[in-house]
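>>> what shape does this take:
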Amino acid sequence: MATHLSHVAEEAARDDISFQAFLERLLQAELRERQERTRTQLTRTAGFPAIKTLEQFDFEFATGAPKQQLKELSSLAFVERSENVVLLGPSGFGKTHLAIALGYKATQSGIKTRFVSAAELTLQLVTAHRHGKLKHYLRRSIQLPRLLIIDEVGYLPFSRDEASHFFQPIAQRYERGSGLITSNLPFAQWDTTFAGDATMTAAMLDRLLHHAHVAMISGDSYRLRERRKAGISLPGSKIKPKVGQN
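Sure, this is the predicted structure:
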């Protein structure tokens, strides 16, 4: 309020408004400032590897991305209802971009969000358990965020202990907070990631999918497209480098 006092006072004098209207303008300036600070802080602490938005996503290229479903998810009503979102599709099809975009939208709406890869999350869980701080870690890093984004489930297989640790965030957040998970594997193959434990995987999926929106992402690979633009020949591709290009 002190920062905006002179400016708002000048406006009030010029517009010849009442003291009550002047005070209201001053309070609105304070509120906007606080909201902006909150958005900045939430974005900084979310752990996004980069900032991506839905407006930047190329739906014309990713023709298999369910645009209408993703638009509905961007309302963030699923967070208010403590529901989950699962984005499935092969590597390079924009799942991480979409996950970050929804997470960024959440931070701009004042929602505490955390973004972490499945491998990083599992390492942190194992490390916290080893140091006797698992309960503290779960309470601070797993339970506090209203939206927990876990990227790249299925890219690396877990040992039985790692799979058991990974199960805990899913179980603890069941019907208490929203999760957004990306995976390159269909659900029928998730047990291959979780040490072949079909029983635990089924229990995890039961909790994850009970209140969930599943979006299938298909089309062409963004990363392969960029390589093709650069003229890099890919295995099995008929596209060859341009003449004179390294």
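>>> from now on I want contacts and neighbour counts done on CA atoms only, so please keep to that.
Fine.
>>> domain-wise, how is this structure divided?
Following automatic domain parsing, the chain resolves into domains at 5-45, 47-225.
>>> let me know the average pLDDT across the shortest one.
The reference is to domain 5-45. On average, the pLDDT along domain 5-45 is 87.
>>> what residue ranges in the chain score low on pLDDT?
For the chain, the stretches with pLDDT under 70 are 219-246.
>>> what's the single longest helix in it?
Across the chain, the longest stretch assigned as helix under DSSP state H is helix 19-46.
>>> buried deepest among the domains of the chain, which one?
domain 47-225 (a mean of 18; mean count of other Cα atoms under 10 Å).
>>> how about the helices in this structure?
5-15, 19-46, 67-73, 77-80, 95-108, 118-130, 134-137, 160-172, 190-193, 198-210, 222-229.
>>> nearest to residue 145, out of these?
Nearest of these to residue 145, taken as Cα to Cα: helix 19-46 at 9.0 Å.
>>> name the helices or strands packed onto the closest one?
Packed against helix 19-46 by the contact rule (3 or more Cα pairs under 8 Å, 6 or more residues apart in numbering; DSSP states H and E) you find helix 5-15, helix 95-108, strand 113-117.
>>> out of the ones you listed, nearest to residue 29?
Closest among those, using Cα to Cα: helix 5-15, at 8.6 Å.
>>> what's in contact with the closest one?
18, 22, 25, 26 (Cα atoms under 8 Å, 6 or more residues apart in numbering).
>>> ok, stretch 179-191 next?
Residues from elsewhere that reach stretch 179-191 (Cα under 8 Å, 6+ apart): 83-91, 95-96, 99, 147-155, 173, 197-198, 201, 205.
>>> measure that stretch end to end?
Stretch 179-191 has an end-to-end distance of 19 Å (Cα to Cα, to the nearest Å).
>>> cool, stretch 58-67 as well?
Stretch 58-67: ends 10 Å apart by Cα to Cα.
>>> and the nearest residue to residue 212 once chain neighbours are set aside, how far from residue 92?
Nearest residue to residue 212, sequence neighbours excluded (Cα to Cα, 6 or more residues apart in numbering): residue 84, at 4.4 Å. Applying Cα to Cα, the value for residue 84 to residue 92 is 22 Å.
>>> do residue 156 as well
From residue 156 to residue 92 the distance is 16 Å (Cα to Cα).
>>> repeat for residue 107
25 Å.
>>> got the helices and strands packed on helix 19-46 as a markdown table, with distance to residue 68 columns?
Shown next, in a markdown table, are those (distance: least, Cα to Cα, whole Å):
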| stretch | distance to residue 68 |
| --- | --- |
| helix 5-15 | 42 |
| helix 95-108 | 13 |
| strand 113-117 | 23 |
